[in-house]
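A.B. asks: Okay, predicted coordinates and the sequence, questions at the end:
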Amino acid sequence: MCENCVHDRDVHVGPSRRSLINLTVAGLGLTLGGAALAKETKTPPKPQNVVTPDSALKRLMDGNARYVDGVARRHDFKHEREALAGGQNPFAAVLSCADSRIAPEYAFDTGRGDLFVCRVAGNFAGTETIASMEYAVAVLNTPLILVLGHDACGAVDATLKALKDNTSPPGHIPSLVEAIAPAAKTAMQQGGNVLDVAIRQNVIDNAAKLKSAAPILNAAAEQGKLKVVGGIYRLATGTVELISQG
């Protein structure tokens, strides 16, 4: 082999070996970093939020009782921000109406990182909402989901009127009507105070929909890791009345 060939071989092989070493070190760094990260996430940012589904529900209702009585706790938002900078572990997830008078964090006297909240007019479980709840349960280990309706719900009332008059609202509002229509039709068949019946039925239907959503939520519910309940927020008093307990 000539001197130039030997020189070329060394030039080619040298960097390749160094690259291999660098890649190996980088790989180890990622592995060790991943292990360290996994170790860190084992300790939740809010240990007090690691509770059973029943305990989570009791905590929600105790918080609502304080809210109704006007004796809400003082929350240390500064230190909660610091604790939650690296993660979250909410003890409950809430699907509520987007109505500006409904604020789950206030209604249950909770702090930051306590509730995983999805809000949409008519509090119905669409595809994105189901996916969000799956994330809360499968990734954040949230043990409770509450579907929260409220009296005098404008979205439900608009749906009833659209069905009764056989009209279609403007813009994208028909998508809300389509989602709430099953509960509204059931209420129209039952009679009585149709709006109240429809609001209640809509909560029950969507709680059942979430509880049976495969493959994540239904499995968690069957294993006892998840409870799905429904409630109605009363605008005049702030009281949340449970109407469906799964």
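C.D. replies: It's in.
A.B. asks: Would you mind giving the domain segments of this protein?
C.D. replies: By the assignment in automatic domain parsing, the chain contains the domains 1-42, 50-245.
A.B. asks: could those domains go into CSV alongside mean neighbour count?
C.D. replies: (Each C-beta comes from the backbone N, C-alpha and C, glycine too.) Shown next, in CSV, are those (neighbours: other Cβ atoms under 10 Å):
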stretch, mean neighbour count
domain 1-42, 10
domain 50-245, 18
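A.B. asks: if you average pLDDT over each of those, which comes out lowest?
C.D. replies: Mean pLDDT is lowest for domain 1-42 among those, at a mean of 41.
A.B. asks: just so I have it, where are all the helices in this structure?
C.D. replies: Remark: helices assigned in the chain by DSSP state H are 3-41, 53-69, 77-84, 104-107, 127-138, 154-165, 174-190, 194-211, 217-222.
A.B. asks: Tabulate those helices (CSV), appending distance to Leu144.
C.D. replies: Listed next are those as CSV, based on distance: least, Cβ to Cβ, whole Å:
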stretch, distance to Leu144
helix 3-41, 21
helix 53-69, 4
helix 77-84, 19
helix 104-107, 12
helix 127-138, 9
helix 154-165, 24
helix 174-190, 22
helix 194-211, 11
helix 217-222, 11
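A.B. asks: count of neighbours near the nearest residue to Gly87 once chain neighbours are set aside?
C.D. replies: Once flanking residues are discounted, Gly87 sits nearest to Pro45: 5.1 Å by Cβ to Cβ, 6 or more residues apart in numbering. Taking other Cβ atoms under 10 Å as the criterion, the count of residues near Pro45 is 16.
A.B. asks: Surely Pro45 touches Gly113?
C.D. replies: Yes. Counting by Cβ atoms under 8 Å, Gly113 is a contact partner of Pro45 at 6.5 Å.
A.B. asks: Can you check which residues contact both of these two?
C.D. replies: Ala83, Leu84, Gln88, Asn89 (Cβ atoms under 8 Å, 6 or more residues apart in numbering).
A.B. asks: need the contact list for the second one.
C.D. replies: Pointing back at Leu84 there. With Cβ under 8 Å, 6+ apart, Leu84 has these contacts: Pro45, Lys46, Arg112, Gly113.
A.B. asks: In TSV, list those residues along with distance to Ser244.
C.D. replies: Shown next, in TSV, are those (distance: Cβ to Cβ, whole Å):
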residue	distance to Ser244
Pro45	31
Lys46	27
Arg112	28
Gly113	26
